Structure formats: C-alpha cells, structure tokens
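**Q** how would this look folded up:
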Amino acid sequence: MARYTGPKTKICRKFGEPILGNGKYLQKNSNPPGQHGANRKRKQLSEYALQLHEKQKAKYTYGVLERRFRNTFEEAARLKGVTGENLIRLLEARLDNTVYRLGIAESRPAARQLVSHKHITVNGEVCNIPSAILKPGDVIGLKDKSAANNALATRSRGKDPKINWLEWNEKEMKGTYIAHPERESVPENIKEQLIVELYSK
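**A** Presented below is the predicted three-dimensional model:
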C-alpha cells in the first residue's frame, strides 16, 4: 500500500496551502521552498506547469499516488457528466477520505491508518482498503472494540456541518454516506478542469 512519506511542510510551502497539515509552519514561513525563497525571480508558469501544479495538489491533498490517481481519472471519464466533477466525487467517496470528513480522524493520513489497521467497518463488516469507493447508503463506523477505545475517541474532532453529503450519529459512532457531493459543496481549493486538460493532451 504505497503512500507519500516525504516532507510535509515543504509541500505545504510549495502550494501555499496547508494541504498536508494544520499550516502552523506557514505562519512563520510562507515562502516557496528553495535557497532564495521569495527573492528568487520566478518566471511566469506555462500552461502545462499550471495544469501539473493542480494535479500534484490534488494528489497530495487526497493522499493518492500517480497510478491510482490516473485510474481514478479514467473511471471518472467513463461516467456520465462533467469529468472534473466526477473526479472530485470519486476522490471524496474514498473510504479514508470519508473517515476524515466524518471527523473520526484528525487528518487523511490518520484516517488511512485507521482503515488499514481494521478499526473501520462498512455496512457492519470490517474494511481495510483505504481506496474503497463508497456508494450512497453505505454506513461507516468504528468496530465495537475500537469505539470503546478512549484514545480513538479523544482524537475524534466531530463532523463539519458544511459536509452535507454525510450524516453522523454521535451516540452510535456511525456515519452514513448519503449521496455523492456536489462540486460546490467540496471545500478543497482544486481547479479540476486543469487536471482534465492535462490528461486530455
């Protein structure tokens, strides 16, 4: 199960957004990485560079490497509707991302670890595949033994009320994937059309 294990703050500085953490280091130094930082004369980015930049941002944000991301894009292209919006919906429907959105974990890497360590159930059965795509109506929760674990309970941050495509039951520690999200409901700052243009070349 491949994942990105490199420096996180460097990536956050590269994109100028806290996509791999809480962004506390960006308050101290928001300059791009490199020896000369903000003083370096940076040329205007080409069209290809902008498209690649957006794809890399999406990959780092959702914790997906190139092969899985490309497969997800091809699946999005086969679906009816706008390819870019379909791509975001498929990325949001991943099990590890949904665990993060429900507030069970404080970050996507932490959510991925919960899934791979068999703490998460889907429709009552343990699922340890972070890339599993959920369908509307699927119920996500913690195993009974995991739900009784105080360490896991204290890490839960609660669901953001803006995430309207998910429902969370605090007493039962279970959430429901109600429907695929609309693009305007997803808070991530990603220009998915640039990714479509990149892969369409």
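**Q** Going along the chain, name the helices of the chain.
**A** Using DSSP state H, the helices of the chain run over 8-15, 24-28, 47-62, 66-78, 83-92, 95-101, 108-116, 144-147, 150-155, 192-199.
**Q** Out of those, which is the most enclosed?
**A** Each of the helices of the chain was scored by mean neighbour count; the highest is helix 95-101, a mean of 24, by mean count of other Cβ atoms under 10 Å. Bear in mind the C-beta positions are built from the backbone N, C-alpha and C, glycine included.
**Q** Can you tell me what sits against that one?
**A** 62-63, 91-92, 105, 107-108, 110-112, 114-115, 120, 122, 127, 129-134, 140, 159-160, 163, 166, 175, 177 (Cβ atoms under 8 Å, 6 or more residues apart in numbering).
**Q** what do you get for stretch 47-54?
**A** By Cβ under 8 Å, 6+ apart, stretch 47-54 touches F15, L45, I190, K191, E192, L194, I195, E197, L198.
**Q** And the residues you listed, which two are furthest apart?
**A** The span of the contacts of stretch 47-54, defined through Cβ to Cβ, is set by F15 and E197 at 18.8 Å.
**Q** In JSON lines, list the contacts of stretch 47-54 along with pLDDT and distance to P7.
**A** Listed next are the contacts of stretch 47-54 as JSON lines, based on pLDDT from 0 to 100; distance: Cβ to Cβ, whole Å:
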{"residue": "F15", "pLDDT": "80", "distance to P7": "13"}
{"residue": "L45", "pLDDT": "79", "distance to P7": "22"}
{"residue": "I190", "pLDDT": "93", "distance to P7": "21"}
{"residue": "K191", "pLDDT": "94", "distance to P7": "24"}
{"residue": "E192", "pLDDT": "95", "distance to P7": "26"}
{"residue": "L194", "pLDDT": "96", "distance to P7": "25"}
{"residue": "I195", "pLDDT": "96", "distance to P7": "24"}
{"residue": "E197", "pLDDT": "95", "distance to P7": "29"}
{"residue": "L198", "pLDDT": "95", "distance to P7": "25"}
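**Q** Alpha carbons of stretch 13-22, as PDB, please.
**A** Written as PDB, here are the backbone C-alpha positions of stretch 13-22 (Å, rounded to 0.1, in the frame of the first residue of the first chain):
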ATOM      1  CA  ARG A  13       5.000  25.900   1.300                       C
ATOM      2  CA  LYS A  14       5.200  24.800  -2.400                       C
ATOM      3  CA  PHE A  15       1.400  25.200  -2.800                       C
ATOM      4  CA  GLY A  16       1.000  27.900  -0.200                       C
ATOM      5  CA  GLU A  17      -1.800  26.000   1.500                       C
ATOM      6  CA  PRO A  18      -2.000  23.600   4.500                       C
ATOM      7  CA  ILE A  19      -2.800  20.600   2.400                       C
ATOM      8  CA  LEU A  20      -0.800  18.200   4.500                       C
ATOM      9  CA  GLY A  21      -1.200  19.500   8.000                       C
ATOM     10  CA  ASN A  22      -2.600  22.300  10.100                       C
END
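**Q** Pull out the buried positions in that stretch.
**A** Across stretch 13-22, burial judged by 16 or more other Cβ atoms under 10 Å covers R13, K14, F15, E17, P18, I19, L20.
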